[in-house]
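[1] Sequence and predicted structure, then a few things I'm wondering about:
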Amino acid sequence: MCKKILTSHSKWVEIEEGLTQLRPFEAVEMPRLTHGLCPNCYEGIVADLDDSGPPQKGVDSDEE
């Protein structure tokens, strides 16, 4: 996953650039930071989950 944050301009940027834009230590009020996924990472994770499919019973086990 990337290390991007969503700025108030609704743009995903690298964390260093985002902190420069948000200036959290200079602001009167601390900006709200939370977790999330950028659209590209989200699509990649969903694609990986779709490719893996649901778990199959008995696969990778000693059951016969």
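    Nice, I can see it.
[2] from here on, contacts and neighbour counts on C-alpha atoms
    Noted.
[3] Any stretches of this protein with poor pLDDT?
    53-64 (pLDDT under 70).
[4] need the contact list for the residue most central in space within it.
    In the chain, the residue lying closest to the centroid (Cα atoms, centre = their mean) is L37, at 2.5 Å. Applying Cα atoms under 8 Å, 6 or more residues apart in numbering to L37 gives no contacts.
[5] SS state for it?
    Assigned state for L37: coil (three-state reduction, DSSP: H, G, I helix; E, B strand; the rest coil).
[6] got the contact list for L6?
    W12, V13, G18, C38.
[7] among those, which two are most distant?
    Taking Cα to Cα as the measure, the contacts of L6 span a maximum distance of 13.5 Å, between G18 and C38.
[8] In the chain, mark out all the strands, start to finish.
    Secondary structure of the chain (DSSP state E): strands at 4-6, 12-14.
[9] Dump those to JSON lines, plus distance to V46.
    JSON lines is the format used below for the strands of the chain (distance: least, Cα to Cα, whole Å):
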{"stretch": "strand 4-6", "distance to V46": "18"}
{"stretch": "strand 12-14", "distance to V46": "19"}
